[in-house]
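In: with the sequence up front, the predicted model follows.
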Amino acid sequence: MNIKELTNLAKEASLAAGKAILEIYNSADFGVEIKGDNSPLTKADKVAHQVIVNYLETTGFPIISEEGKDIPYEIRKNWEYFWMVDPLDGTKEFIKKNGEFTVNIALIHNVKPIIGVVNAPVLEWLYWGNQEEGAWKKEGDEDPFKLKKQEKTIVKTIVASRSHLNPETQEFIDRYPGVEIISMGSSLKFMLVAEGKAQIYPRFAPTMEWDTAAAHGILNSFGGLIKVMSINSNLEYNKYNLLNSSFICRFES
């Protein structure tokens, strides 16, 4: 297995999906539907899913996607490698047209993300990481630069969800008087921690594995952690239930 080649493939898939998303983003018709869990779904989610699948299926690894078919645990529990995809993370941000949505692609080995790619098409930010190359960011046409591990420091900035700032999150924030709060949509919250623009991202509202896997893969590549609060252990993937527990994202020295 060539980790660098697989990472490049995931980057290409994310960029192609981002391009397809932008065509719809700049159109007059998003084709908004409401799914069974009351979350929105647009034409962009569906198109991006298919674009990504067309790239990733060439590897022969199974794919779990938010917009794909539900795969029974009895089938997937024996997978050693598989792709975890959120074709459009932050659909609410997409509909609001604030640009804070991403394409998320991760390669999971057993229960751990070993490759992560996060693309923010409107902002022209592309993040990727693996344990051979570390973590990187590219902004627009600029040369990519390597992300450096943030040593454990005084918490000055906490990043919180723009759409899910609930009482539990506020209670956590209140433990850090005077701290600055940054609100952000989608997996970009993790990337603020990765870049050192925030020290902690606590999440008490529900998330699914595809919401966190790509960012987790990037953070894993250079010392970042996403720990389940109740057991102080790293978030794992391909669980029987793909719903994540409450977690905290940060670096530890």
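Out: Arrived safely. Note that the coordinates shown come from a computational prediction; the quantities given were computed from them, not determined experimentally. Numbering: from 1, shown residues only.

In: sketch out the low-pLDDT regions of the stretch 51-200 of the chain for me.
Out: 152, 162-164 (pLDDT under 70).

In: quick one: the helices in it, in order.
Out: Ranges of helices in the stretch 51-200 of the chain, per DSSP state H, counting those that start in this stretch, are 73-76, 91-96, 167-173, 188-194.

In: by contact count, what packs against the second one?
Out: The criterion is 3 or more C-beta pairs under 8 Å, 6 or more residues apart in numbering; DSSP states H and E, and the helices and strands that helix 91-96 contacts are strand 40-41, helix 43-56. C-beta coordinates here come from the backbone N, C-alpha and C atoms, glycine included.

In: what comes into contact with the shortest one?
Out: Which is strand 40-41. Residues outside strand 40-41 that contact it (C-beta atoms under 8 Å, 6 or more residues apart in numbering): Val32, Glu33, Ile34, Lys35, Glu67, Thr91, Lys92, Ile95.

In: picking up where we left off before, so which of the helices of the stretch 51-200 of the chain is the most surrounded?
Out: Compared across those, helix 188-194 shows the largest average neighbour count, a mean of 25 (mean count of other C-beta atoms under 10 Å).

In: can I assume Asn241 sits in a helix?
Out: No - checked against DSSP: H, G, I helix; E, B strand; the rest coil, Asn241 lies outside a helix; its state is coil.

In: hang on, the earlier thing: go through the contacts of strand 40-41 and name the one nearest Ile108.
Out: Set against Ile108, the nearest of those by C-beta to C-beta is Glu67 (17.7 Å).

In: quick check on that closest one: phi, psi?
Out: Dihedral pair for Glu67: phi -100, psi 10, per degrees, to the nearest 10.

In: right, and it touches Asp45 too?
Out: Yes - using C-beta atoms under 8 Å, Glu67 makes contact with Asp45 at a distance of 5.4 Å.

In: between those two, which one's more packed in?
Out: Of the pair Glu67 and Asp45, Asp45 is the one with more neighbours under other C-beta atoms under 10 Å, namely 25 against 19.
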